[in-house]
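A.B. asks: Here is a sequence with its predicted model. Questions after.
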Amino acid sequence: MALAEALAADGWQLVITARGAAGLAAAEARLGAVTPDVALPGTIVDDDHRARLAEAAAGLGGASLLVNNAGTLNGTDDSGAEPLPRLADVPLPGLLETFEVNALAPIALTQLVLPQLRAHAGAVLNISSDAAVVPYVGWGGYGASKAALDLATAVLAREEPELRVWAVDPGSMRTSMLQAASPGEDISGEPLPEEVAPVLLALLRDRTPSGRYVAADLAADLAATPTTTRGGR
């Protein structure tokens, strides 16, 4: 939501989705006060829902950017007492859903939107994780799915050189997902997503080369770059 608000403030028209209809409706109302937006509740693992998202983007003139931010820690077991079991104990249905949400569905949605992105020399932003490259105990299923998304990102970048294709590790943030992964822990010291969104927006403004990035590194580079040399929309 933080990135959507930053994009809206920067003048982008938006198509947004989430599984929770009530929260999505509230987001639509806030964003609609700033920019034209379309909100479609549903899950991106559903073929028909992905098609509706692509059609909605086409109705706004065609997508210039696709952000794949949907994610799940452990499939249907996200709300369970043990959100991050060891690989030996991961229920296979949950593992399958983890890969569907975190890797397969983003690839499928990208396929649908690619013609629009090509027409606009657009960009794909896939939200990754440090768990894709660091073997944290308990994060095997989630990390493997994000590693799959990272590799797909790198391949797409080579296959679509006219686009910008990024995988970005945003780092630990104060989100409901991190809290679910850390039951009972105090995560109030982690940055808010609103602090990371401007870094992601800078990728678009600067047409940063395709690749995998860490938000903290991008933020450091941005802070060291004189404002007069930065790109813009």
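C.D. replies: Yep, that arrived.
A.B. asks: what helix or strand is the closest residue to Gly138 other than its chain neighbours on?
C.D. replies: The spatial neighbour of Gly138 that comes closest, neighbours along the chain excluded (C-beta to C-beta, 6 or more residues apart in numbering), is Leu84 at 3.7 Å. The way it works is simple: take the backbone N, C-alpha and C, and place the C-beta from them, glycine included. When secondary structure is defined using DSSP states H and E, no element contains Leu84, which sits outside every helix and strand.
A.B. asks: Dihedrals phi and psi, Leu84?
C.D. replies: Main-chain dihedrals, Leu84, degrees, to the nearest 10: phi -130, psi 70.
A.B. asks: Same question for Val15.
C.D. replies: phi -120, psi 120.
A.B. asks: Can you report how many residues neighbour it?
C.D. replies: Other residues near Val15 come to 22 when the count uses other C-beta atoms under 10 Å.
A.B. asks: From Glu97, how far out is it?
C.D. replies: Shown here: Val15 relative to Glu97, a distance of 24 Å by C-beta to C-beta, to the nearest Å.
A.B. asks: can you give me the helices in this structure?
C.D. replies: Per DSSP state H, the chain carries helices over the ranges 2-9, 21-32, 47-59, 92-99, 105-119, 140-159, 176-181, 193-206, 215-224.
A.B. asks: count of neighbours near Ala223?
C.D. replies: What Ala223 shows, counting by other C-beta under 10 Å, is a neighbour count of 8.
A.B. asks: about what we covered before: the residue nearest to Gly138 contacts Gly143, correct?
C.D. replies: No - counting by C-beta atoms under 8 Å, Leu84 stays clear of Gly143, with 9.9 Å between them.
A.B. asks: show me where pLDDT drops low in this protein?
C.D. replies: Per-residue confidence of the chain (counting by pLDDT under 70) places the weak regions at 76-82, 173-176, 178-183, 186-191, 226-233.
A.B. asks: please redo it, this time with the cut-off set to 50
C.D. replies: Within the chain, the set of residues satisfying pLDDT under 50 comprises 77-81, 228-233.
A.B. asks: tell me, what residue is most central in it?
C.D. replies: Central residue check for the chain by C-alpha atoms, centre = their mean: the C-alpha nearest the mean position is that of Asn69, 2.1 Å away.
A.B. asks: Who are the contact partners of it?
C.D. replies: For Asn69, the contacting residues are 3, 127, by C-beta atoms under 8 Å, 6 or more residues apart in numbering.
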